[in-house]
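1. Next input, structure requested:
(2 chains)
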There are 2 protein chains.
Amino acid sequence: MEHRLPFGERLAQAVASRKNPVCVGLDPRVASLPPSLRPTDSSNLALVASAYERFCLEVLDAVCDLVPIVKPQSAFFEEIGPDGVRALERVVRAATERGVLVIMDAKRGDIGTTATAYASAFLGSGEPGSASYSPFGADALTVNPFLGADTLEPFVQRCDAVGGGLFVLVKTSNPGSAFLQDVVSDNQSISERVAKCVEQLSQSRCGAAGYGSIGAVVGATYPEQLAAMRAMMPHAWILIPGYGAQGGAASDVRHGMDARGLGAIINSSRGIIFAYEQPRFAAADWKHSVRNATLAMIEDLAKT
Amino acid sequence: MEHRLPFGERLAQAVASRKNPVCVGLDPRVASLPPSLRPTDSSNLALVASAYERFCLEVLDAVCDLVPIVKPQSAFFEEIGPDGVRALERVVRAATERGVLVIMDAKRGDIGTTATAYASAFLGSGEPGSASYSPFGADALTVNPFLGADTLEPFVQRCDAVGGGLFVLVKTSNPGSAFLQDVVSDNQSISERVAKCVEQLSQSRCGAAGYGSIGAVVGATYPEQLAAMRAMMPHAWILIPGYGAQGGAASDVRHGMDARGLGAIINSSRGIIFAYEQPRFAAADWKHSVRNATLAMIEDLAKT
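-> Presented below is the predicted three-dimensional model:
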């Protein structure tokens, strides 16, 4: 097994070196691609897959010196079939080659050997022949805890073996997340039960920067719960979706940070990758819009 | 949009015509493949993908006249990367060509447009050019409700549009499923909350056979909860994993059936597809073992 630092430490180093916690979400949609990249026939999935790959690689070129981490959304690649999944694999590899960490946003969850299979698929190095080889080769994976804490174990074991990380869904950003996540019994909500489990897993794997490799997803759209979750999980990285397009502001996401301004990464997808659609980021080249929107987000977060 | 009967009715017809509720789980594992199909180099993922595809197609040939439905486990195909995902697409198409319904066991779940993307990926017809085209073209999909009832809506809308079906995780078969699923508040467990939601969705879409297209996953390993869930969801198909290798017996799974012996399908994966490993199903040809194990399961279930 090759020796790679644990994900939690690699993320701490990347955030420190880029001096910001921005995660760029790679969520390609055919209808939103810059006109110059739109496929001539959007029912030809091989053409769409090529366009998605080129689009994501150009986004990576525009942001790779600015941000510590990116998050491809697997669903948009799966939507266009096996060609899209091939493009996803190449996008992850391209990000790694550009020195950017990758969270695969696939929200997987299953039992026993099936969970082990998902962990091997997504977590590890993309270098064939390496002992930690994973065909998709991401640094971290989003996972769904609904099936139980026992079903997180195969993912955690894989993280331990390959220096990978997890972001466990704790409180999601959608309007209906209360349906199960806010159900309270014995004075704790479902989200809090999951948060306790995440904290235990990360605390026992805590690195030099004070954070382990098993993190949590907590939406920016519920700032009070974000603050409570930050307090419950002092050793866990928090991935915060919901900034920008979903309504979360910089003043909301700062609740996910510790006193040093660390411990959370803030995702923006549409607001950055399709910035060419926003008048304030208009530019002759859509990649300049991407870069300008990224710089604006970094500045916005630095003010809080 | 082509006109296809709702999934719930297509499943009722298939179960009636095959006269059994057996679902064969297609869970290929390289180490368990019949020796004649094992790739010469299991680190060559293209070779492994070819072996998985051939294995699944031969299993389909062995069981397609016997059972109403099959359930490929996406994780085992994803584990071997994009080549595996391509094999998965072909396995679904091959099952459809052989007149067998397909549940894609991918346990997807996400919010808004991301859920819509997963629904389009998996639910629909595999015929390019059809208005209900889906690259993976399954008849039904397993989904995870953790993110909230609102996140099931895009999947339900897709089912309505293309005659597809869902199996929502309600009570899973693993030892740790109680961690969140059995948490009780206001006199109802998390599983019961999800079950109520499933029943509402299926009841309002109820077909001639008395069942809708939005079903539930309830493990055979918790027979008492299975009986309670059957009573709570009188209009929902139940997919019951956990028979055989996971310990569930025919006497356990009958709790998922209605008084007519309908309303549930019973999955077996390893117990059927790797039956050649079991002395009682030993045969010169591993496909005969698959067929004999399937017939034995049908007989076992008929006795209850």
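
2. what about stretch A:185-194, average pLDDT?
-> For stretch A:185-194, mean pLDDT rounds to 98.

3. Which strands or helices does the biggest helix by length in chain A pack on?
-> Counting residues, the longest helix found in chain A (DSSP state H) is helix A:45-63. Judged by 3 or more Cβ pairs under 8 Å, 6 or more residues apart in numbering or on different chains; DSSP states H and E, the packing partners of helix A:45-63 are strand A:22-26, strand A:69-72, helix A:74-78, helix A:82-97, helix A:270-273, helix A:286-302. C-beta coordinates here come from the backbone N, C-alpha and C atoms, glycine included.

4. so how far is that helix from its chain's centroid?
-> From the chain centre to the centre of helix A:45-63 is a distance of 18 Å (Cα atoms, centre = their mean, to the nearest Å).

5. And stretch A:188-205, by the same measure?
-> 19 Å.

6. what about residue A:36, neighbour count?
-> The burial count assigned to residue A:36 is 11, neighbours taken as other Cβ atoms under 10 Å in any protein chain shown.

7. Spit out the contact partners of residue A:135.
-> Residues counted as contacts of residue A:135 (Cβ atoms under 8 Å, 6 or more residues apart in numbering or on different chains) are A:89, A:121, A:126, B:45, B:79, B:80, B:81, B:82, B:84.

8. ok so it is a strand residue?
-> No. Assessed with DSSP: H, G, I helix; E, B strand; the rest coil, residue A:135 is coil; it does not lie in a strand.

9. Got the confidence number for it?
-> Taking residue A:135 on its own, its pLDDT is 97.

10. low-scoring stretches of the stretch 1-150 of chain A, by residue?
-> Applying pLDDT under 70 to the stretch 1-150 of chain A flags residues A:1-3.

11. now swap in the stretch 201-304 of chain A and tell me
-> A:304.

12. Kindly recompute the last result at 80.
-> The model of the stretch 201-304 of chain A has pLDDT under 80 over residues A:245-247, A:304.

13. can you map out the strands along it?
-> A:214-218, A:238-240, A:264-268 (DSSP state E, counting those that start in this stretch).

14. Can you tell me which of those is nearest to chain B?
-> For chain B, the closest of the strands of the stretch 201-304 of chain A is strand A:214-218, at 10.1 Å, according to Cβ to the nearest Cβ.

15. is it possible to export the helices and strands packed on helix A:45-63 to CSV including mean neighbour count?
-> Conversion of the helices and strands packed on helix A:45-63 to CSV gives the following (neighbours: other Cβ atoms under 10 Å in any protein chain shown):
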stretch, mean neighbour count
strand A:22-26, 26
strand A:69-72, 26
helix A:74-78, 26
helix A:82-97, 22
helix A:270-273, 25
helix A:286-302, 19
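
16. Identify whichever of these lies nearest to residue A:110.
-> helix A:74-78 (14.8 Å; Cβ to Cβ).

17. follow-up on the earlier one: I'd like the helices and strands packed on helix A:45-63 as CSV, with distance to residue B:114 appended.
-> Below are the helices and strands packed on helix A:45-63 laid out as CSV (distance: least, Cβ to Cβ, whole Å):
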stretch, distance to residue B:114
strand A:22-26, 10
strand A:69-72, 12
helix A:74-78, 5
helix A:82-97, 14
helix A:270-273, 12
helix A:286-302, 21
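
18. So for residue B:273, which of the ones you listed sits nearest?
-> Per Cβ to Cβ, nearest to residue B:273 of these: helix A:82-97, 22.4 Å.

19. Any idea how far the closest one is from the middle of the chain?
-> With Cα atoms, centre = their mean, you get 15 Å for helix A:82-97.

20. What helices and strands are in contact with that helix?
-> Partner elements for helix A:82-97 (3+ Cβ pairs under 8 Å, 6+ apart): helix A:45-63, strand A:69-72, helix A:74-78, strand A:101-108, helix B:82-97.

21. Between all of the contacts of residue A:135, which two are separated the most?
-> A:126 and B:84 (15.1 Å).

22. still on that earlier bit, from the contacts of residue A:135, pick the one nearest residue A:204.
-> residue A:121 (25.2 Å).

23. What distance do you get for the closest one to residue B:233?
-> Distance of residue A:121 to residue B:233, computed by Cβ to Cβ, to the nearest Å: 32 Å.

24. More neighbours: which of those two?
-> Just comparing residue A:121 and residue B:233: by other Cβ under 10 Å the higher neighbour count belongs to residue B:233, 31 against 28.

25. which residues does that one contact?
-> B:170, B:195, B:198, B:199, B:202, B:216.

26. now swap in residue A:247 and tell me
-> By Cβ under 8 Å, 6+ apart, the contact list for residue A:247 reads A:220, A:221.

27. residue farthest from the centroid of chain A?
-> residue A:186 (31.6 Å; Cα atoms, centre = their mean).

28. and that one, backbone torsions?
-> Phi and psi for residue A:186, reported as degrees, to the nearest 10, are phi 50, psi 40.

29. Please apply the same query to the one 10 residues further on.
-> Dihedral pair for residue A:196: phi -60, psi -40, per degrees, to the nearest 10.

30. where's the residue nearest to it when sequence neighbours are not counted relative to residue A:171, distance?
-> Excluding its sequence neighbours, the residue lying closest to residue A:196 (Cβ to Cβ, 6 or more residues apart in numbering or on different chains) is residue A:232, at 6.8 Å. Distance of residue A:232 to residue A:171, given as Cβ to Cβ: 11 Å.

31. Name all residues that make contact with the residue lying closest to residue A:46 once chain neighbours are set aside.
-> Nearest residue to residue A:46, sequence neighbours excluded (Cβ to Cβ, 6+ apart): residue A:83, at 4.9 Å. Neighbouring residues of residue A:83 by Cβ under 8 Å, 6+ apart: A:45, A:46, A:48, A:49.

32. try 7 Å this time
-> Residues counted as contacts of residue A:83 (Cβ atoms under 7 Å, 6 or more residues apart in numbering or on different chains) are A:45, A:46, A:49.

33. ok, now which ones touch residue A:42?
-> A:30, A:48 are the contacts of residue A:42 under Cβ under 7 Å, 6+ apart.

34. rewinding a little: report the angle between the longest helix of chain A and helix A:286-302.
-> 50 degrees (axes from the mean of the first three to the mean of the last three Cα atoms, to 10 degrees).

35. For residue A:184, name its beta-bridge partners.
-> Residues in a beta bridge with residue A:184, per DSSP bridges, are residue A:189.

36. Any idea how many residues pack against it?
-> Counted with other Cβ under 10 Å, residue A:184 comes out at 13.

37. hang on, it packs against residue B:184?
-> No. Counting by Cβ atoms under 7 Å, residue A:184 stays clear of residue B:184, with 10.8 Å between them.

38. ok, back up a step: from the neighbour counts alone, determine which of residue A:232 and residue A:171 ranks first.
-> Each of residue A:232 and residue A:171 has its neighbours counted (other Cβ under 10 Å); residue A:171 has more, 25 against 17.

39. Does stretch A:66-74 reach chain B?
-> Yes. Using Cβ under 7 Å from any Cβ of the partner chain, stretch A:66-74 reaches chain B at residue A:73.

40. With adjacent residues omitted, what lies nearest to residue A:34?
-> In space, residue A:34 is closest to residue A:286, 3.9 Å off (Cβ to Cβ, 6+ apart).

41. should've said residue A:90
-> residue A:53 (5.5 Å).
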